[in-house]
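K.L.:
sequence plus the predicted model coming up.
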Amino acid sequence: MKVKKILVSQPKPSSEKSPYYNLESDYGVSVDFRPFIKVEGLSGKEFRQQKIALGDYTAVIFTALTAIDHYFRLAKELRFEVPETMKYFCISEVVARYLQTYIVYRKRKIFFSENGKADGLIPLIEKHKTEKYLYPVADVHDSKLNLEAHNLTNTKAVMYRTVSNPFPKDVPFDYDIVALFTPSGVKSLLESFPDFDQEKNGVLLACMGTKTIEEVKNSGLRLDITTSPECPSMAAAIAKYLEEQKKAKK
């Protein structure tokens, strides 16, 4: 099949150097960006139901920028003044630097993983075992930061959730490839189109991540394109497919 339009279920890239734009120039396709999911913060009332008091903790673990936003949002809503003595442990320097949005960075105790991965963060936490750790997460999360395996006490606090972002009814859904990144995205697609017929509409599904692929298969859908060690990103995986199609026509 000739691919003309691709839907990437993520926000539009802020940089013009995004590899998705290369698909347009290299293969003459049109790429649209429209998230199938969105993040929604828990209210203070909902958060209190977890019976977690922010003031009981001396350190916070952040593995996402979103977690930082909702931690400080809830702190403000609950009238909790985050003390200057609070310690912050971040999954990467990018996440750590984002703290500047809410605090004076140079005056706080901030630690981050040098390699941007969990195995780089855990040793830092182990050096501060006496701290009481709060770990802000989403309602559905798949954290690789297994602190319990290292006998590190922490409390996971759900501060935000992922909800469906329905596809607008007045916008034509005429895509040849749809790129999905999360199980929630798969569910949102089917919620927007309960009668979605992949075969009838000739839609190819490009997915990445074990759980996303699992959700696609459990939903009775067909996986057509996915990432690999050779093509670790979604854009690269789609480019490989388009290149193979291009060669097949010669």
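P.N.:
Happy to help now that I have it. Here the structure is a predicted model, which means the values were calculated and not measured.

K.L.:
so what does the longest strand along the chain touch, helix or strand wise?
P.N.:
In the chain, assigned by DSSP state E, the strand with the most residues is strand 154-164. Under the contact definition 3 or more Cβ pairs under 8 Å, 6 or more residues apart in numbering; DSSP states H and E, strand 154-164 sits against strand 37-41, helix 44-48, helix 65-77, strand 133-138, helix 183-192. Placement of C-beta: from N, CA and C, glycine included.

K.L.:
what lines up beside that strand in the sheet?
P.N.:
If you go by DSSP bridges, strand 154-164 pairs up with strand 37-41 (antiparallel), strand 133-138 (parallel).

K.L.:
so after it, what's the next helix or strand?
P.N.:
Using DSSP states H and E, the helix or strand that directly follows strand 154-164 along the chain is strand 177-180.

K.L.:
off-centre distance for that next one?
P.N.:
Relative to its chain's centre, strand 177-180 lies at 16 Å (Cα atoms, centre = their mean, to the nearest Å).

K.L.:
and if you look at stretch 136-154?
P.N.:
Centroid separation for stretch 136-154 versus its chain: 16 Å, with Cα atoms, centre = their mean.

K.L.:
kindly report the same for stretch 129-140.
P.N.:
Distance of stretch 129-140 from the chain centroid (Cα atoms, centre = their mean) equals 18 Å.

K.L.:
can you check stretch 27-36 too?
P.N.:
Worked out by Cα atoms, centre = their mean, stretch 27-36 lies 19 Å from the chain centre.

K.L.:
mind checking the end-to-end distance for that stretch?
P.N.:
Length of stretch 27-36, first residue to last, Cα to Cα, to the nearest Å: 25 Å.

K.L.:
for that stretch, buried residues please.
P.N.:
Residues 27, 29, 31, 34, 35, 36 are the ones in stretch 27-36 that count as buried (16 or more other Cβ atoms under 10 Å).

K.L.:
what sits up against it?
P.N.:
With contact meaning Cβ atoms under 8 Å, 6 or more residues apart in numbering, stretch 27-36 is reached by 3-13, 20-21, 23-24, 164-165, 167, 175, 180, 184-185, 188-189, 192, 239, 242-243, 246.

K.L.:
filter those down to the buried ones and hand me the ChimeraX line.
P.N.:
Restricted to buried positions by 16+ other Cβ under 10 Å, the ChimeraX selection for those reads:
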select :3,6,7,8,9,10,20,23,164,165,167,175,180,184,185,188,189,192,239,242
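
K.L.:
follow-up on the earlier one: what lies in contact with the longest strand of the chain?
P.N.:
Contact partners of strand 154-164, identified using Cβ under 8 Å, 6+ apart, comprise 36-42, 47, 50, 52, 57, 61, 66-67, 70-71, 74, 132-141, 147-148, 182, 184, 187-188, 191-192.
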